[in-house]
Structure formats: structure tokens, C-alpha cells
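Q: Okay, predicted coordinates and the sequence, questions at the end:
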Amino acid sequence: ATQIIAGVIDKEEAEYGLTMPACGALVAKALMHNYKLDETQWLDLASRWAERAHRFAANRPEAHLNFALPAATYYDDIQTGRNWIFYDPLRLYDSCPQSDAVAACILTSEPQAVQVSGVGAATDLPTIADRGQLGSFPATVIAARYAYAMACLPNIRDMAHKLYVNMHDPFSSFGPVNLIDLGLVDSEEALEALLDDEMTGPQGRFPTNLSGGLLARGHPLGATGMVQVAENHRMLLDTRAYQMALAHSIGGPINNNVVTLLEKTDHFEQRDHWPFKPIGLPQLAQMKPKGMALETVFGERDRVKARFGFATTRFNRSGEPLNSIVLLEHVNGHKGYEFLIGTGPGL
């Protein structure tokens, strides 16, 4: 499955060994760097994020992994080899399962109890190396702000205690990033937000992924976004307090992102609607100039200086390193260009 999914990744980067789990691991490394987390601190957060996802999935018969996973079990299974390291620092329990699901919705002009109030979509560069940073997904930021503009919501936080959130978390590292990019929390709150029920629990400010999310409910590729929309529709019909529901879906190598807002029709009709255009959108990175490639860089000189960025190593179930993915920045004149390379194991 990982090999098939890698078909959406840039051909050259895929040839170096980049996969979607490797992308998730590089995002985790960016989080560790940005928040100055050591391995012990990362494991503590990862075990509690997994525990949280399974706590909610355990109450959902349709969830793929509908069983509890206490943090203590997360650690115990490291020792037994069940929770083996996949792409460091991500372990098996930090990654979503490949799931099966069917979902559908019917769009109609006839009045309904729930309507679509906002949709936004955005794309980013397909190459991971050219992103410049992995601590945020600009395509999510842009998609969310266009969805909020269509729904006439200049500040999504005004929907606190009314908005249900279904965000795309195939790897535990995506959760904090998504909450910031969707504008729901500040960066200093992000690591603990999913662990605080007053923030993201059923009665919290922004209830989030109460079916377990992709980590535990499952990730049926190709159907995941529609599953979120179907879940959100049901959540609005079944929960009096929730007036709006957000579905956030990521496609490709974190570069083709969509945000959809469903809203109870009576709530939509009662609130103010002042159309606006989103401003202050993040600038997308630029592709390297034509001809700027590893082959030309190394072909022009005997020695090349590069600044180390992030790296992740893939392991098999026996704990043996297989290969590493490395992000490097090469400075050419006054401009820096990032490259992704593959190396032998255990860099």
C-alpha cells in the first residue's frame, strides 16, 4: 500500500526512498526541532496522543482500531517489539492503519437541516525539499481561510463550543500542525491541545476527532474526506450543541488540501453574513530554477557545502535500519536551495 501511495510523490524524491510515512516522520522531526523536544519528551506526547485517539475509537463500532490503548501499553509494546519504530521517531502506534470504508452524500437544492456553508481548497509544491519548512502546511491554511470567507466567518474561534472538527491525522505528528493551521489554537497550545478535553474533548472549545481520527478510526484512502463529511453530517444531526462541523482532508504529499464546513441551516440563517476575502495568506515556496539539480551542483565543483536539515531512517520489524531520507540546504550565492537525498541506513 505504501508503494502504491508513493505514486503521488515527486518521482525523483520517490526514487530516493521518500514515502508518506517518511513525510510524517520528517514533520515529526520538524516539531521536535521547533519545540526543542528530546526523544523522551516526544515519546511521552506520542503515547498520550495514541491513547487519546483510541479512547474515542473504542466507543465507535465502525472504527478500524476500536480498542483502548493506554499510554502504559504503548511503552510496554515497545519492549515486546509490537510497537516497533517505523520511520524514526514514528512508531507503529503513531501511524494510521490502511482501512476500508464506504461513504456517500447527496447534494440537493431542496431545503435541508444541514447545508454546506463553506469550501476551500489549495495546492502546494509537490516536492518536499522545496517547501522550506515542515512545521506548517500552507495548503491547509489557505484552504481553511477560503472556506471561512465563503461561510462569512472572519474569526473561526467565534464558533468555540459550537464547531466540531474532523481533521486529517494519518500520523500523530500532523495533529498539532493541523490545529494551528486551521486557526483553532496558538502554537504554544498545540502540543497539549489534543490532550486537554476542555480544549478538544466532547464539551471542549473545539471538539476534535471524536471518532478516533485517522489514527484509530482509520484511513481509507480515497474515501477518507467523504467519511469525514458523512460523520460531520451525522454529528450535527445528533448533537444539539454543535452548530457547524469542519472536515479537513489532505491529499498527495501534504500538498492538496481541502476544508469543508457543514452548518445547521437555522444557525446559518440566524447569524450575520459579511462577505470578505482572506488576507495575509502564506506565501508558497518556489520551485528551484531550471537546471538546479543535484547532478549540476556536484558537477560544477569537487566539494559542496550543505547545511543539514532533518533526516529519518526506516527500520524493519527487527529493528534493523534500512535506509535514510535526508533534507539538506545548499547555498548558491546568496540563495539557499534544499535537496532531498537517500543514503544508506543509520545516518
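A: Arrived safely, thanks for sending. The model shown is predicted, which means the values in this text are computed figures rather than measured ones. Numbering: from 1, shown residues only.

Q: make it CA atoms for all contacts and neighbour counts henceforth
A: Fine.

Q: where does the chain dip in pLDDT?
A: Low-confidence segments of the chain (pLDDT under 70): 2, 333, 346-347.

Q: can you rerun that using 90?
A: 1-12, 15-17, 131-133, 222, 252, 274-275, 283-307, 329-337, 344-347 (pLDDT under 90).

Q: The biggest strand by length in it: partners in the sheet, and parallel or antiparallel?
A: Assignment by DSSP state E gives strand 321-332 as the longest strand of the chain. When pairing is defined by DSSP bridges, strand 321-332 lines up against strand 306-315 (antiparallel), strand 335-343 (antiparallel).

Q: Can you tell me how far the residue of the chain most remote from its centre is from residue 141?
A: Farthest-out residue of the chain from its mean C-alpha position, per Cα atoms, centre = their mean: residue 302, at 39.6 Å. Counting by Cα to Cα, to the nearest Å, the separation of residue 302 from residue 141 is 41 Å.

Q: Residue 85 too?
A: With Cα to Cα as the criterion, residue 85 and residue 141 are 30 Å apart.

Q: related to what we said a few turns ago, identify, out of the strands paired with strand 321-332, the most deeply packed stretch.
A: strand 306-315 (a mean of 19; mean count of other Cα atoms under 10 Å).

Q: Show me what that one is in contact with.
A: 22, 25-26, 29-30, 85-89, 321-331, 345-347 (Cα atoms under 8 Å, 6 or more residues apart in numbering).

Q: just how off-centre is that strand within its chain?
A: 20 Å (Cα atoms, centre = their mean, to the nearest Å).

Q: Longest helix of the protein, counting residues only.
A: Longest helix of the chain, by residue count under DSSP state H: helix 39-57.

Q: so where do the helices sit in the stretch 151-300 of the chain?
A: For the stretch 151-300 of the chain, the helices defined by DSSP state H, counting those that start in this stretch occupy 174-181, 190-193, 197-200, 213-216, 224-238, 265-270, 294-300.

Q: Of all the strands paired with strand 321-332, which one is nearest residue 40?
A: Residue 40 lies closest, by Cα to Cα, to one member of those: strand 306-315, at 17.0 Å.

Q: Convert the C-alpha atoms of that closest one to CSV, please.
A: Coordinates of each C-alpha in strand 306-315 appear next as CSV, following Å, rounded to 0.1, in the frame of the first residue of the first chain:
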residue,chain,number,x,y,z
ALA,A,306,25.4,22.0,2.6
ARG,A,307,23.5,22.6,5.9
PHE,A,308,21.8,19.6,7.5
GLY,A,309,18.1,19.9,7.9
PHE,A,310,16.2,16.9,9.0
ALA,A,311,16.6,13.1,8.5
THR,A,312,14.6,10.0,9.2
THR,A,313,15.7,6.4,9.0
ARG,A,314,13.4,3.5,8.1
PHE,A,315,13.5,0.3,10.2
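
Q: Let the chain start at 390 from now.
A: That works, and once the first residue is 390, the last one we named lands at strand 695-704.

Q: measure the nearest residue to residue 712 once chain neighbours are set aside to residue 695 for me?
A: What sits nearest to residue 712 in space, not counting adjacent residues and going by Cα to Cα, 6 or more residues apart in numbering, is residue 734, at 4.1 Å. Distance of residue 734 to residue 695, given as Cα to Cα: 20 Å.

Q: Next, give phi and psi for the nearest residue to residue 523 once chain neighbours are set aside.
A: Of all residues not flanking residue 523 in the chain, residue 416 sits nearest, at 5.4 Å (Cα to Cα, 6+ apart). Per-residue torsions, residue 416: phi -60, psi -40 (degrees, to the nearest 10).

Q: what about residue 416, neighbour count?
A: By other Cα atoms under 10 Å, 24 other residues sit near residue 416.

Q: now swap in residue 588 and tell me
A: Residue 588: 21 neighbours (other Cα under 10 Å).

Q: Then residue 445?
A: For residue 445, the count of nearby residues is 22 (other Cα under 10 Å).

Q: Once you drop chain neighbours, what's closest to it?
A: With Cα to Cα, 6+ apart as the criterion, residue 445 has its nearest non-adjacent residue at 5.0 Å, and that residue is residue 601.

Q: re the thing from before, tell me which residues touch the residue nearest to residue 523, please.
A: 523-524, 562-563.

Q: That one and residue 726, how far apart?
A: On the measure of Cα to Cα, residue 416 and residue 726 end up 19 Å apart.

Q: swap in residue 647?
A: Separation of residue 647 from residue 726 (Cα to Cα) stands at 28 Å.

Q: Going by secondary structure, the spatially closest residue to residue 426 that is not a sequence neighbour is in what exactly?
A: Nearest non-adjacent residue to residue 426, counting by Cα to Cα, 6+ apart: residue 420, 7.8 Å away. Per DSSP states H and E: residue 420 is located in helix 409-423.

Q: count of neighbours near residue 641?
A: Neighbours around residue 641, by other Cα under 10 Å: 17.

Q: so who does it touch?
A: Contacts of residue 641 (Cα under 8 Å, 6+ apart): 397-398, 515.

Q: looking at the sheet around the nearest residue to residue 597 once chain neighbours are set aside, what are its partners?
A: Nearest non-adjacent residue to residue 597, counting by Cα to Cα, 6+ apart: residue 554, 4.6 Å away. Taking DSSP bridges, one obtains residue 597, residue 635 as the residues bridged to residue 554.

Q: quick revisit: relative to residue 635, how far out is the residue nearest to residue 523?
A: Counting by Cα to Cα - residue 416 and residue 635 are separated by 23 Å.
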